[in-house]
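A.B. asks: Return a 3D structure for these sequence lines:
(2 chains)
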Amino acid sequence: NAGVTQTPKFQVLKTGQSMTLQCAQDMNHNSMYWYRQDPGMGLRLIYYSASEGTTDKGEVPNGYNVSRLNKREFSLRLESAAPSQTSVYFCASSEARGSGSLREETQYFGPGTRLLVL
Amino acid sequence: LAKTTQPISMDSYEGQEVNITCSHNNIATNDYITWYQQFPSQGPRFIIQGYKTKVTNEVASLFIPADRKSSTLSLPRVSLSDTAVYYCLVGPPGGYSTLTFGKGTMLLVSP
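C.D. replies: Next up, the predicted model:
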């Protein structure tokens, strides 16, 4: 059980180049998320997918696109990278359990992808 | 959305108990409280979650007063490896799309 995996671990791009960050989870979770974290900052939500076949914008979606390929995989694409997109990108998945006031949900994060755009 | 406030940083020594308090004055009835831990160069990791009173697991305890307007994460006998950033999140079940990870509390444990 690998949890949440991300590829690549590191990437250097030139301004204007495109790339896709891959994320996969083996916990059969319905919900998946993409965050970015800039130095000294908390995580900001880029996009999320509540279930297979659905995606929605988060707090900072501009410059990104996503694809929920199947229940396991959720990819993040930068069509034309900009230096402002230099960051660490984290993928996460979650599943709710319980019901009513005992309903809880925990996120599980991947190891991150460090992206530098020159 | 419940806004949270927690200290930017805290210092402690090995073997001490550390209590990190998070304020969430406008917590909603169906919101629960979750704490995450993040080490440098890693993704956040779930520590503990609760709705009311006290929750304890093998890593930490979470104290929630009756009015639920604040919560305290308690780490017993910290070690150097507990040096990390700790985030307090408040929100409804299934509401991670609306939750905000603030800057968290940077805990530095010294020998």
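A.B. asks: Tell me how many other residues crowd the closest residue to chain A within chain B.
C.D. replies: Proximity of chain B to chain A (Cβ to the nearest Cβ) peaks at residue B:43, 3.0 Å away. Where you see a C-beta, it was placed from the backbone N, CA and C, and this is true even at glycine. The tally of other residues near residue B:43 (other Cβ atoms under 10 Å in any protein chain shown) stands at 23.
A.B. asks: so who does it touch?
C.D. replies: A:4, A:90, A:92, A:109-112 (Cβ atoms under 8 Å, 6 or more residues apart in numbering or on different chains).
A.B. asks: Are we agreed that it is in a helix?
C.D. replies: No. When classified by DSSP: H, G, I helix; E, B strand; the rest coil, residue B:43 is found to be coil rather than part of a helix.
A.B. asks: tell me the phi and psi of the spatially most central residue of chain A?
C.D. replies: Centroid-nearest residue in chain A, with Cα atoms, centre = their mean: residue A:34, separated by 2.1 Å. Note on residue A:34: its backbone torsions stand at phi -120, psi 130 [degrees, to the nearest 10].
A.B. asks: Could you check how far it is from chain B?
C.D. replies: 11 Å (Cβ to the nearest Cβ, to the nearest Å).
A.B. asks: circling back: for the residue of chain B closest to chain A, which non-adjacent residue is spatially closest?
C.D. replies: Of all residues not flanking residue B:43 in the chain, residue A:109 sits nearest, at 3.0 Å (Cβ to Cβ, 6 or more residues apart in numbering or on different chains).
A.B. asks: Appreciated, that's everything.
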